[in-house]
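Asker: sequence? don't have it. structure:
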């Protein structure tokens, strides 16, 4: 297999994880409706731990597939980008794996790597939406999976955010001379802070002087030099919310979010469960958990016997 075939084959296996239960950690069934209500408010705190465990086990899952036996090995890169690479063909195929707990408010994972890292289109993004088997308890299982080109995600991000002079996406400085662990690969977003009409007019004239495509993002050295010159003319603030995957406006990710939100699990859609846990009263949450999961007062009595 060549690089594209490895990615295509691995993608089929990863998409096939939908419905797969990971025996990583089990949250016990609440002993009463009150305990279930309390658990519903804190179960999202497990997301970072279980998300990382799912990402680790996904690499093991790929290595267990017979298609890759004798061809190479999937290796976890921690730290490093992407999360996993296939050592066996060139250019090296890889996946950036993101686990998403959809009862959280948004996809908080970030995607900041420069377009320059995707020139061979050999790195793909794999996002796995997961839940406990019974919404708030049980083992984690994969609800849905989306896989899309990392190059397309980086381009969508830069197209969405970059709007000079008001907002600038900036490439990292050239750090190729440094050791691998000190090399910088992430872009950053900067928001204009000045409201001075004269400053704004000067900035607009400068951008206009770049020509018809002056507002179209480019990671090239010449364009980046122009952006740095623009930033020297006025104060800009580093945007700490930049590149959250929930805000990139990539068509595949938006379709995935919509599909997951509309998926019905234990009587309600994921969107409805999330709204209930975030905005419902204790009485409303308790009633729905009793109805959907069959958690009753008798569960506590059974536990004590």
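Answerer: Yes, it's here. Please read these numbers as outputs of a predicted model, since none were measured by experiment. Numbers count the residues shown, from 1 in each chain.
Asker: going forward, measure contacts between C-alpha atoms and count neighbours the same way
Answerer: Noted.
Asker: how far is stretch 12-22 from where the chain is centred?
Answerer: Here stretch 12-22 is found 17 Å from its chain centre; the criterion is C-alpha atoms, centre = their mean, to the nearest Å.
Asker: ends of it, how far apart?
Answerer: End-to-end distance of stretch 12-22 (C-alpha to C-alpha, to the nearest Å): 18 Å.
Asker: run through who's touching it.
Answerer: With C-alpha atoms under 8 Å, 6 or more residues apart in numbering as the test, stretch 12-22 has contacts from 54, 58, 62, 126, 133, 139-147.
Asker: three-state assignment of residue 103?
Answerer: coil (DSSP: H, G, I helix; E, B strand; the rest coil).
Asker: against residue 146, how distant is residue 258?
Answerer: 12 Å.
Asker: cool, residue 257 as well?
Answerer: 10 Å.
Asker: kindly report the same for residue 251.
Answerer: Applying C-alpha to C-alpha to residue 251 and residue 146 gives a distance of 11 Å.
Asker: the more surrounded of those two?
Answerer: Legend: neighbour count by other C-alpha atoms under 10 Å for residue 251 and residue 146, higher for residue 146 (19 against 13).
Asker: and residue 9, what are its phi and psi?
Answerer: Dihedral angles of residue 9 (phi, psi; degrees, to the nearest 10) stand at phi -70, psi -50.
Asker: check contacts around it.
Answerer: residue 67.
Asker: quick one: it from residue 134, how far?
Answerer: Counting by C-alpha to C-alpha, the gap from residue 9 to residue 134 is 31 Å.
Asker: same deal with residue 288?
Answerer: Counting by C-alpha to C-alpha, the gap from residue 288 to residue 134 is 13 Å.
Asker: mind listing the helices for the stretch 51-200 of the chain?
Answerer: 150-161, 197-208 (DSSP state H, counting those that start in this stretch).
Asker: deepest of the ones you listed, which one?
Answerer: Comparing these by mean neighbour count (mean count of other C-alpha atoms under 10 Å), helix 150-161 ranks first with a mean of 21.
Asker: how long is stretch 219-239 from one end to the other?
Answerer: 19 Å.
Asker: what sits up against it?
Answerer: 114-116, 165, 168, 170-171, 188-194, 199, 203, 206, 218.
Asker: mind listing what the residue nearest the centre of the chain touches?
Answerer: Per C-alpha atoms, centre = their mean, the C-alpha nearest to the average position across the chain is that of residue 109, at 3.8 Å. Counting by C-alpha under 8 Å, 6+ apart, residue 109 touches 98, 244-246.
Asker: residue 105 now?
Answerer: Shown in contact with residue 105 (C-alpha under 8 Å, 6+ apart): residue 274.
Asker: now it: how far from residue 135?
Answerer: 15 Å.
Asker: one more: residue 2?
Answerer: Following C-alpha to C-alpha, the distance that separates residue 2 from residue 135 is 40 Å.
Asker: can you check residue 285 too?
Answerer: In terms of C-alpha to C-alpha, residue 285 sits 12 Å off from residue 135.
Asker: which one of these two has more residues nearby?
Answerer: Of the pair residue 285 and residue 135, residue 285 is the one with more neighbours under other C-alpha under 10 Å, namely 23 against 20.
Asker: do I have it right that that one meets residue 37?
Answerer: Yes: with contacts counted by C-alpha atoms under 8 Å, residue 285 reaches residue 37, the gap being 6.1 Å.
Asker: okay, strands next: where are they in the stretch 51-200 of the chain?
Answerer: Secondary structure of the stretch 51-200 of the chain (DSSP state E, counting those that start in this stretch): strands at 73-76, 84-87, 94-100, 123-132, 140-149, 167-170, 188-192.
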